[in-house]
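Participant: Prediction below, plus the sequence it came from.
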Amino acid sequence: MANTPPETDLITREELQLAARNHGMPLEALRYPITPVGLHYLLVHYDIPAVDPAAWRLEVGGVVEKQLVLSLDEIKAMPAKSLAVTMECAGNGRAALLPRPINQPWILEAVGTGDWRGVSLRQVLELAIPLDQAREVVFTGLDHGLEGGIEQDYQRALTMDEAMRDEVMLAYDLNGSPLPPQHGFPLRLVVPGWYGMASVKWLTRIEVTREPFVGYQHVRSYRLRQHVDEPGVPVTRIVPRSLMVPPGFPDFMTRKRTIKRLPCRIEGRAWSGWGAITKVEVSADGGRTWAAAQLDTAAQSPWAWRGWSFEWSPPGPGDYELCSRATDETGKVQPLDVPWTTAGYSNNAVQRVKVNVLTA
Ligand SMILES: Nc1nc2c(c(=O)[nH]1)N[C@H]1C(S)=C(S)[C@@H](COP(=O)(O)O)O[C@H]1N2
Ligand SMILES: [Mo]
């Protein structure tokens, strides 16, 4: 971001404006395998566009044999599939960085799991028949704004190989109902395993191209950089993370937790866009020592978070710092700390929850 990082903890008015529009998932909603729609996190770069579903069309063009113009009814008449997908904003955890990058100030709540229904993207691309030179697929949303001084439609691209993966879908339903306006009505892309920015909402055009996409959301934004002048590394898949259902009860202002009854069952969910979760560990001493949690038998889909639980018997009353960390099948483990980056993407440092245990 162009803004200078703040030297203090104080949230700026601009961050507050963003935080009031783009809400997180209250972490107690980690209880539900599928996040109720109103509790799913929300991230809208510009404004939610107004869409008349009768007039709306999806255009498919570029280096294809057949240009397509599809109505919502035509898309809904195609063979459909449903898939539970955990989506997380790449900026989740950003507010923990110091200095804090000025952007949507997520703490840890920018996550949710939707039961998405729609058609496979591959099926639509195969109708259009991409030509041999086809290299990437660019997705354009109906929303429009200024970002980094550049006026733009929200756009992201996928390589042809990523776009043709089985699980990538064009979704029109969320949890059994049409997409609500804020989640991309009438049609959005869902790219399982990738951070949320790839899943373009309010889809209006799909363009098959022969050149790599160099739009703002690829080249300026969504890159890991230590310095603003570096080209940086593109942000792609979700690195592993585990979060706890907040144990005990909170203090209204500080959110500090109190636990009155023992033993205490700590539970949560873990996910990774790189592969299945194979291990979750819990620490009650701020990450010095770890013990294995019990993993639930199965996730709802290979692309959805996996539940876990841990029976905790603290040695006595007092203050503790609970942590959990996830490992996936590729061996990626959550770190205690991540290197600072200019925009604070993919900060998957372990969660720390301070609790006061009252019972002896
Ligand atoms: N058209 C469009 N698509 C978009 C966005 C947007 O602002 N405009 N935000 C992206 C980002 S950054 C995220 S994290 C996800 C959030 O999806 P959700 O609001 O349905 O949770 O949508 C992505 N798709
Ligand atoms: Mo995001």
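Facilitator: On my side now, so go ahead. Ligands and ions are numbered 1, 2, ... in the order given.
Participant: going forward, measure contacts and count neighbours with C-alpha atoms only.
Facilitator: Will do.
Participant: Excluding chain neighbours, what is closest to the closest residue to ligand 2 within the chain?
Facilitator: Residue nearest to ligand 2 within the chain: C89 (3.7 Å; C-alpha to the ion). Using C-alpha to C-alpha, 6 or more residues apart in numbering and skipping residues adjacent in sequence, the residue nearest C89 is G196, 4.9 Å away.
Participant: Kindly report the same for H183.
Facilitator: Closest to H183 by C-alpha to C-alpha, 6+ apart is K201, at 6.6 Å.
Participant: And that neighbour, how far from R223?
Facilitator: 20 Å (C-alpha to C-alpha, to the nearest Å).
Participant: So for those two, which sits in the more crowded spot?
Facilitator: A count of neighbours by other C-alpha atoms under 10 Å puts K201 above the other of K201 and R223, at 30 against 23.
Participant: who are the neighbours in contact with the residue lying closest to V355 once chain neighbours are set aside?
Facilitator: Leaving aside its sequence neighbours, V355 sits nearest to R257 (C-alpha to C-alpha, 6+ apart; 4.7 Å). For R257, the contact set (C-alpha atoms under 8 Å, 6 or more residues apart in numbering) comprises P246, P247, G248, F249, P250, D251, V353, K354, V355, N356.
Participant: Pull the contacting residues for A84.
Facilitator: I34, T113, G114, D115, W116, Q300, S301, W303, A304.
Participant: Give me the number of neighbouring residues for L131.
Facilitator: 15.
Participant: Residue ranges of each domain in this structure, please.
Facilitator: 7-234, 241-357 (automatic domain parsing).
Participant: Same list (those) but as a markdown table, adding mean pLDDT.
Facilitator: Output for these, formatted as a markdown table (pLDDT from 0 to 100):
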| stretch | mean pLDDT |
| --- | --- |
| domain 7-234 | 97 |
| domain 241-357 | 96 |
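Participant: For ligand 1, find the nearest of those.
Facilitator: domain 7-234 (3.4 Å; C-alpha to the nearest ligand atom).
Participant: that older thread, make a markdown table from the contacts of A84 and add distance to ligand 2 to it.
Facilitator: Listed next are those as a markdown table, based on distance: C-alpha to the ion, whole Å:
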| residue | distance to ligand 2 |
| --- | --- |
| I34 | 19 |
| T113 | 14 |
| G114 | 15 |
| D115 | 19 |
| W116 | 18 |
| Q300 | 23 |
| S301 | 22 |
| W303 | 17 |
| A304 | 17 |
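Participant: Generate a ChimeraX selection restricted to the buried subset of those.
Facilitator: Only the buried members of the contacts of A84 enter the following ChimeraX selection, criterion being 16 or more other C-alpha atoms under 10 Å:
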select :34,113,114,115,116,300,303,304
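Participant: Surely R100 and G93 touch.
Facilitator: No - here R100 does not reach G93: they are 10.4 Å apart, not a contact under C-alpha atoms under 8 Å.
Participant: Could you tell me which residues touch both of these two?
Facilitator: By C-alpha under 8 Å, 6+ apart, the residues touching both R100 and G93 are G344.
Participant: what's the residue nearest to C89 sitting at in phi/psi?
Facilitator: Main-chain torsions, G196, degrees, to the nearest 10: phi -50, psi -30.
Participant: Give me the distance between it and A270.
Facilitator: 16 Å.
Participant: Between those two, tell me which one has more neighbours.
Facilitator: Per other C-alpha under 10 Å, whichever of G196 and A270 has more neighbours is A270, with 28 against 23.
Participant: Can you name the helix or strand that that one falls in?
Facilitator: When elements are defined using DSSP states H and E, A270 is found to belong to strand 264-271.
Participant: contacts for that strand?
Facilitator: Contacts for strand 264-271 (C-alpha under 8 Å, 6+ apart): 30-31, 86, 240-245, 247, 277, 280, 304-313, 326, 328.
Participant: Q123 belongs to a helix?
Facilitator: Yes - under DSSP: H, G, I helix; E, B strand; the rest coil, Q123 falls within a helix.
Participant: Identify the residues contacting it.
Facilitator: By C-alpha under 8 Å, 6+ apart, Q123 has no neighbours at all.
Participant: and what of the one 5 residues further on?
Facilitator: The neighbours of A128, taking C-alpha under 8 Å, 6+ apart as the test, are V60, G61, V64, E65, K66, Q67, L68.
Participant: Helices along the stretch 101-250 of the chain, start to end?
Facilitator: Applying DSSP state H, counting those that start in this stretch to the stretch 101-250 of the chain gives helices spanning 121-128, 160-163, 216-219.
Participant: for ligand 1, what are the nearby residues on the chain?
Facilitator: 41-46, 89, 141, 143, 154, 183, 196-197, 199-202 (C-alpha under 6 Å from any ligand atom).
Participant: Just the ones of these in strands?
Facilitator: G141, D143, Y154 (DSSP state E).
Participant: Now the last one: closest residue in space that isn't a chain neighbour?
Facilitator: Using C-alpha to C-alpha, 6+ apart and skipping residues adjacent in sequence, the residue nearest Y154 is G141, 5.3 Å away.
Participant: number of nearby residues for the one you found?
Facilitator: 21.
Participant: and if you look at Q155?
Facilitator: 25.
Participant: Also T297?
Facilitator: If we define neighbours as other C-alpha under 10 Å, then T297 has 9 of them.
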